[in-house]
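1. dropping the sequence and predicted coords here.
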Amino acid sequence: MATLRAILAHTSGRIGGAIVALYLLLAVLGMLGLTPDNPLTQHRVERLHAPDSTYWMGTDLFGRDVASRLMTGIGQSFLVAFFSVAFATLAGTVLGLAAAWFGRRWDGLVMRIMDVLLAFPAILLALLIVAVAGPGTWTSVVAIAIVYTPIFTRVVRGPALSLKAREFVDAARTFGSSSSYIVTRHLLLNLVAPLTVQVTLALAWALLTEAGLSFLGLGTQPPAASLGLMLSDSRNLMETAPWLMIFPGVAIMISILGFNLLGDALRDVLDPKTRRSIA
Amino acid sequence: MNYLMRRLATFPLVLLGVSIVVFLAIRMVPGDSITAMLGTEAGLLTPPQRDALAAYFGIDQPWFIQYWRWLLGLFQGNLGISSTYGRPVLGVILERFPLTLELALLSMIIALVVGMPAGIFAATHNEKLSDLGVRVVAMIGQSTPNFVLALLIIYTLSAGFGVLPAMGEFSPLWRDPLRNIGQLLLPAVTLGFAFAASVTRISRSAMLDVLSDDYVRTARSKGVSARGVIWRHALPNALIPVVTLSGIEFGYLLGGAVIVEQIYALPGLGRMVLDAILQRDYALVQGSVLFIAFNFMIVNLLVDLAYVALDPRIRLSEH
């Protein structure tokens, strides 16, 4: 509750929080099908219709309502971003905690594997995974999750190692607490703050990567809507129907901005050391 | 063992790991490589012909023997033959690399020339309206995906000025420098925008940190001018995180800006990898991914070395 209050008192936090809340609402409405029109229905006589009171964001080449497609696209992009970041957080936390807790060989093994994964530029690793598994929504989820797992592993392992050496962990051991109790109760709970910041920033990257993969035709497949795919489709119609590019483009940008602002505010609030230096 | 030694010692190990991941990933692709190579004509092969081809390419062997042979080939500069180009993979990669390198350098120059002064300006005007303006622009810059920016630039140029970015056949720098810069300027601005935003943010925060340090306060109290404090005392120390960030971003850009190269129709490394994936040219995917990862690792290692050179405290630390 105190964190929430602090975020609401933070200008970036308020703006970022409002943007993320609005997108979440649009995403849920889009996924539930509560859109102004069916995103797949083709109104053939009204192809490339400019935005007006009937079609707020116009229609595309097939006469589909852009606003409805944008809402389902946001839903689709958020779905991929949330699942991929959830998997990456889970895998990274388990691996990071295991590396820190068991130490020695296990630590060396886990961290060298993570080093190998970090040796690939993110989009390249995602492309490689998509090349292996074939394009699609769930491949994007797996690819993005694998790309971001090493980052979470590092975020968890470092602080977990220093927590492990603290007196309260020794004390818990002396009192006979089990390893699993110490790891979940003393290590994990103290890692919630850095993890929360990382999750928020990772959601911004995941949205960006999903949009990028879909833009390249390797993410969400047509006729399903996705922001990257909509943007890619708009390329050849840019001059005749600029709304096809402007709405999804701005939608992607503002969603990433929202998570970045929220992430910055969280880092500011949860880590007082960085308060002064946050730009 | 200090940080740098450990970093150097793990480098070959990680590189070996990268080569294994690349090799195994390609072998996990559904379907066999003979079908991938010959396409529909593979259906005309009799089983003995197929076996003979498998033996010829060595793919009838267990994976670790195949890997060992591939590794030996790597040491001789042999990355295999691209099925799309019908030429050695290394040659195809090296043909595309100068463009990617030039684009990465140009983007970095734009980012540093714009981002550093903006960051220093914001830090020295901390909490003023001009600082807020720089921060807002930097935040928007960092949140704008390069493909959105690329499309917006193309749209603004074509709708507002009736011109299109110079596309068509690419001219290397040494053949026609003017045309070359004309072709690379907009892609470099596109890539440099978000990069500049990151540089602005990091130089602002590094500068703010340094400006509140004791030695800066001492210099000020000794009567050093504001300009002298910034240029002689604060800037060299504030440079450390800027160098790190720029190096890492440069490493990413060396991997090829897949989407931006695609939009501006530039024959760079990123677009080549994408095409190789779409055309199932496995030797080229394998070779180029390894090449890019190797470059990325080298750049990261150099960044670490620069970091150590700039900040002697790291040399002895155990992190």
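-> Done, it's in.

2. got the residues of the stretch 101-250 of chain A near chain B?
-> A:112-113, A:115-117, A:119-124, A:127-132, A:134, A:204, A:208, A:211-212, A:215-216, A:218, A:228, A:231, A:234-235, A:238-239, A:242, A:245, A:249-250 (Cβ under 8 Å from any Cβ of the partner chain). (Glycine included, C-beta is placed from N, CA and C.)

3. rerun at 7 Å
-> Contact residues, the stretch 101-250 of chain A versus chain B (Cβ under 7 Å from any Cβ of the partner chain): A:112, A:115-116, A:119-121, A:123-124, A:127-128, A:131-132, A:208, A:211-212, A:215-216, A:231, A:235, A:238-239, A:242, A:245, A:249.

4. need the buried ones from those residues selected in PyMOL.
-> Of those, the buried ones go into a single PyMOL selection, burial set by 16 or more other Cβ atoms under 10 Å in any protein chain shown:
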select buried, chain A and resi 115+116+119+120+121+123+124+127+128+131+132+208+211+212+215+216+231+235+238+242+245+249
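
5. helices along chain A, start to end?
-> For chain A, the helices defined by DSSP state H occupy A:2-8, A:11-32, A:66-102, A:104-118, A:122-133, A:137-164, A:167-174, A:179-181, A:192-215, A:227-234, A:243-270.

6. single out the most deeply packed of those.
-> Comparing the helices of chain A by mean neighbour count (mean count of other Cβ atoms under 10 Å in any protein chain shown), helix A:227-234 comes out on top with a mean of 26.

7. that helix packs against which elements?
-> Packing partners of helix A:227-234 (3 or more Cβ pairs under 7 Å, 6 or more residues apart in numbering or on different chains; DSSP states H and E): helix A:66-102, helix A:192-215, helix A:243-270, helix B:146-161.

8. and of those, who's closest to B:Ser19?
-> When the helices and strands packed on helix A:227-234 are compared by Cβ to Cβ, helix A:66-102 sits nearest B:Ser19, at 22.2 Å.

9. buried stuff in stretch B:83-101?
-> Of the residues in stretch B:83-101, B:Ser83, B:Tyr85, B:Pro88, B:Val89, B:Leu90, B:Val92, B:Ile93, B:Arg96, B:Phe97, B:Leu99, B:Thr100, B:Leu101 count as buried by neighbour count, 16+ other Cβ under 10 Å.

10. nearest to B:Val136, of the residues you listed?
-> B:Thr100 (31.9 Å).

11. what's the helix or strand for the closest one?
-> Using DSSP states H and E, B:Thr100 sits within helix B:89-124.

12. avg pLDDT for that helix?
-> Mean pLDDT, computed over helix B:89-124, is 95.

13. returning to what we had before: out of the buried residues of stretch B:83-101, flag the one nearest to chain A.
-> The shortest approach to chain A among these belongs to B:Thr100, at 11.7 Å (Cβ to the nearest Cβ).

14. my guess is the closest one contacts B:Leu266. True?
-> No: using Cβ atoms under 7 Å, B:Thr100 makes no contact with B:Leu266, being 8.7 Å away.

15. show me the residue at the heart of chain A, geometrically.
-> Chain A has A:Leu203 as the residue nearest its centroid, 2.1 Å off, counting by Cα atoms, centre = their mean.

16. ok, it to chain B distance?
-> Counting by Cβ to the nearest Cβ, to the nearest Å, the gap from A:Leu203 to chain B is 12 Å.

17. against B:Ile248, how distant is the closest residue to that residue other than its chain neighbours?
-> Of all residues not flanking A:Leu203 in the chain, A:Phe259 sits nearest, at 4.8 Å (Cβ to Cβ, 6 or more residues apart in numbering or on different chains). Noted for A:Phe259: a distance of 21 Å to B:Ile248, by Cβ to Cβ, to the nearest Å.

18. then B:Thr200?
-> Relative to B:Ile248, B:Thr200 is positioned 16 Å away (Cβ to Cβ).

19. which of the two has more neighbours?
-> Applying other Cβ atoms under 10 Å in any protein chain shown to B:Thr200 and B:Ile248 shows that B:Thr200 carries more neighbours, namely 30 against 16.

20. secondary structure element holding the more buried one?
-> Here B:Thr200 is assigned to helix B:177-211, by DSSP H and E.

21. relative to helix A:192-215, how tilted is that helix?
-> Here helix B:177-211 points in a direction 170 degrees away from that of helix A:192-215 (axes from the mean of the first three to the mean of the last three Cα atoms, to 10 degrees).

22. would helix B:177-211 count as contacting chain A?
-> Yes: counting by Cβ under 7 Å from any Cβ, chain A has neighbours in helix B:177-211: B:Arg201, B:Arg204, B:Ser205, B:Leu208, B:Asp209.

23. pull out the buried members of the residues you listed.
-> Among these, those buried by neighbour count (16+ other Cβ under 10 Å) are B:Arg201, B:Arg204, B:Ser205, B:Leu208, B:Asp209.

24. which one of those residues is nearest to B:Gly115?
-> For these, the closest approach to B:Gly115 (Cβ to Cβ) belongs to B:Arg201, at 8.3 Å.

25. tell me how many other residues crowd the residue lying closest to B:Leu254 once chain neighbours are set aside.
-> Distance criterion Cβ to Cβ, 6+ apart; nearest residue to B:Leu254, sequence neighbours excluded, is B:Asn295 at 4.8 Å. By other Cβ under 10 Å, the residues close to B:Asn295 number 21.

26. and the helix or strand harbouring B:Asn295, how far out from the chain middle?
-> According to DSSP H and E, B:Asn295 maps onto helix B:282-310. Computed by Cα atoms, centre = their mean, to the nearest Å, the chain-centroid distance of helix B:282-310 equals 9 Å.

27. how much does it deviate in direction from helix A:104-118?
-> Going by the same axes, to 10 degrees, helix B:282-310 makes 110 degrees with helix A:104-118.

28. residues of helix B:282-310 that come out buried?
-> Counting neighbours by 16+ other Cβ under 10 Å, helix B:282-310 gives B:282-293, B:295-297, B:299-301, B:303-304, B:306-308 as buried.

29. could you say what helices and strands it packs with?
-> Secondary-structure packing of helix B:282-310 (3+ Cβ pairs under 7 Å, 6+ apart): helix A:122-133, helix B:3-27, helix B:89-124, helix B:235-254, helix B:269-278, helix B:312-315.
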